[in-house]
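Visitor: Whatever this is, show me its structure:
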Amino acid sequence: MEKFNESEKPFRAGASGPKYFVNGPFWDGGVILLEPGGCIAEHGHRAVEETFYFLEGGPLMTVDKASFRAGPGDVVRVFAGETHSIRNDSNKPARIMFIKAPYSPQDKYVP
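Guide: Take a look at the predicted model:
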């Protein structure tokens, strides 16, 4: 068993961006905090699929060049090979949970 509080895990970019809760051996995931103007740049995964669960805010998500507004309660499953990005173009923070599987840290690519 592993137990921790979210406050014990750091964001990758200081006060926002991705915050990982789990890093392998089977999957990885955590939360993303995007302040207004923040973004997760376009990228893809060759063999990994990534699922996003939108908790707060209304950022603009793009999957394979198709953009849409995501809001609380929305779930978006991005399949391996699909590029994706998230841009918070609103004036409120966006909070998103993410899960990637299978665990493969070197799987990411930038088109």
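Visitor: Tell me where this structure has strands.
Guide: For the chain, the strands defined by DSSP state E cover 17-23, 28-34, 39-45, 49-56, 60-63, 66-69, 75-78, 84-87, 94-101, 108-109.
Visitor: State the mean pLDDT of stretch 35-53.
Guide: With pLDDT averaged residue by residue, stretch 35-53 scores 98.
Visitor: Stretch 61-74 too?
Guide: 98.
Visitor: quick one: buried residues of that stretch?
Guide: Residues of stretch 61-74 classed as buried: 61, 63, 70 (neighbour count, 16 or more other CB atoms under 10 Å). Yep, even glycine has a C-beta here, placed from its N, CA and C like the rest.
Visitor: Out of the residues you listed, the closest to Val78 would be?
Guide: Minimum distance to Val78 across these is 5.7 Å, recorded for Val63 (CB to CB).
Visitor: so what's that closest one up against?
Guide: Under the criterion of CB atoms under 8 Å, 6 or more residues apart in numbering, the neighbours of Val63 are 76, 78, 82-84.
Visitor: Please apply the same query to Gly58.
Guide: 69-71, 90, 92, 94.
Visitor: so which of the residues you listed comes closest to Ser104?
Guide: Closest to Ser104, out of all of these and judged by CB to CB, is Ala70, at 24.7 Å.
Visitor: No more questions from me, cheers.
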